[in-house]
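Trainee: Build the 3D model from these lines:
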Amino acid sequence: MPFLAKIYIVMDKLGKEPYKGVRDFYPEEKFRQNFIFNKWQKAAESFGYEEMNASPLEPTELFEAKTGEEIINEQTYTFTDRGGRRVTLRPEMTPTVTRMVAKKKREMSFPVRLYSIANFFRYERPQRGRLREFYQLNCDLFGASGASADFEIVNLAYSIMKEFGVPDSKFEIRINNRKYLNSLFREYFSMDERGIQKISKLVDKKNKISKIEFMEQIKILLGDKTKEFVNILENADLKKLSSLDSFFRENEGLREINSLFEKLQEAGVKNYRYEPSLVRGLDYYTGMVFEIYDTGSKNNRSIYGGGRYDNLLQIFGEEAIPAAGFAIGDVPMSDFLQTYDLFPEYRSSADLFISALKEEFIGAAEKLAQELRKEGVNVAVNLSAKKITGQINQTVKKSIPFILFVGREEIASEKYKIKNLKTGEEKILEKDSLAGFIKK
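Mentor: As a prediction, the model looks like this:
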């Protein structure tokens, strides 16, 4: 059998589906993704954040240092390259952007505001809201601490939802503080660092496991203090919490929550609340943590979140710099927008389809298209031998809003019949008037 024939036999057996957990983006899917990206970019830049990016390949030790063992061992694409180096496809951006800040720390003028829209990879079971490859907006503020900095990050996250036109009734901002939680575990319940790590991960899973399982695991860690801990964990009233003990009245982390709440109130943001069981699983958070949560019954889940991570630069041998940020994935964002029908109607990138009435008129159609493109009109030209009905149907199917016809009469008179396929409006216009009619 000839070699080329063998190749064709092999190719016939190739599957047409993408790798499990990733997506193909045909024009309509890419249109929706670009809609999300454009809104993200607009919101981030409105707060003065500047765009950055980096390679998706990082040395594995970067993530081993601070992301957490579970991420590396169970959820990353990690391999050894031909040079014997361990490499990981990034599962998140925070360690990368922190590395970049550490590298040019002495050249930067703080505070530094950075954002990126990039792709990420996690080896986990694909499900609603989670895929193996996804895209994220990451926003990070370096060199600013205190309530004003925490407020800016939370306010930016809130403003992104408003950029999409989401009413406050559809979501809420849930807030906690890891500084408070760590001191609660360490000082109030006398736990060591290993115990703190275990109980933090358990609390982070609280709403994902049964109440019986949660109570059994807490009892293993806290024994006869279990009931007291659960009472504290289920107390969502900060004022009532402060009345329990001087520890709560004087706790720095709780004071930071109250200061942030005052800032949000002053800004007119009302859909926020204290969430005592909010931990966020990553080990590097040091202060405020928050999540934007869908309050509806159809998509009742966290959409995105972040927090403060003041110590992350230390893994690069640098002094700590105050830092806070958040990330939004395109998959949960898309699920949310679809749930509430907030995507715009798809339309082609082409504004106009020029239909040549016969093949001999295609050259004239191409010349007209070139002139209109110079005036800012996006034009697709018919290159097929389809009949006029077929060309109109194709234009409608592709969601191109206007169609124009070119035949012998139009070429001679330089007047063209143009139709708005959405409204049905038809006009016969001179060439110089076409662009204005399309763009009005």
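Trainee: which ones are touching the closest residue to Ile321 other than its chain neighbours?
Mentor: Of all residues not flanking Ile321 in the chain, Leu313 sits nearest, at 5.2 Å (CB to CB, 6 or more residues apart in numbering). From N, CA and C alone the C-beta is placed, and that goes for glycine too. Applying CB atoms under 8 Å, 6 or more residues apart in numbering to Leu313 gives the contacts 98, 101-102, 105, 319-321, 323.
Trainee: Please apply the same query to Val101.
Mentor: 108, 112, 114, 142, 313, 321, 323.
Trainee: Tell me how far it lies from Tyr284.
Mentor: Using CB to CB, to the nearest Å, one gets 14 Å for the distance from Val101 to Tyr284.
Trainee: try Ile303
Mentor: The spacing between Ile303 and Tyr284, counted by CB to CB, is 21 Å.
Trainee: In this structure Val396 contacts Asn420, no?
Mentor: No. With contact defined as CB atoms under 8 Å, Val396 does not count as touching Asn420 (11.7 Å).
Trainee: any idea which of the contacts of Val101 has the most stuff around it?
Mentor: Tallying neighbours with other CB atoms under 10 Å puts Ala323 at the head of the contacts of Val101, with 29 neighbours.
Trainee: Per-residue pLDDT of it, please?
Mentor: Looking at Ala323, its pLDDT stands at 96.
Trainee: sorry, back to before: turn the contacts of Val101 into CSV, columns for distance to Pro332 and secondary structure.
Mentor: As requested, the contacts of Val101 are exported to CSV (distance: CB to CB, whole Å; DSSP: H, G, I helix; E, B strand; the rest coil):
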residue, distance to Pro332, secondary structure
Met108, 32, coil
Val112, 27, strand
Leu114, 22, strand
Phe142, 26, strand
Leu313, 29, helix
Ile321, 29, coil
Ala323, 24, strand
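Trainee: Distance to Gly376 for these - can I get that in TSV?
Mentor: As requested, these are exported to TSV (distance: CB to CB, whole Å):
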residue	distance to Gly376
Met108	39
Val112	36
Leu114	33
Phe142	40
Leu313	46
Ile321	45
Ala323	42
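Trainee: Residues in contact with the lengthiest helix in the chain: which ones?
Mentor: Longest helix in the chain, counting residues (DSSP state H): helix 27-46. Residues outside helix 27-46 that contact it (CB under 8 Å, 6+ apart) are 23, 25, 51, 115, 117, 135, 137, 139, 156, 159-160, 163-164, 328, 330, 333-334, 337, 343-344, 346-349.
Trainee: Show me what counts as buried in that helix.
Mentor: For helix 27-46, burial by neighbour count (16 or more other CB atoms under 10 Å) applies to 31-33, 35-36, 39-41, 43-44.
Trainee: and if you look at stretch 259-266?
Mentor: Applying 16+ other CB under 10 Å to stretch 259-266 flags 259-261, 263-264 as buried.
Trainee: In helices, which of those fall?
Mentor: Per DSSP H, the subset of those in helices is 259-261, 263-264.
Trainee: ok, of the residues you listed, which one's closest to Glu61?
Mentor: Closest approach between these and Glu61, by CB to CB: Leu260, at 33.9 Å.
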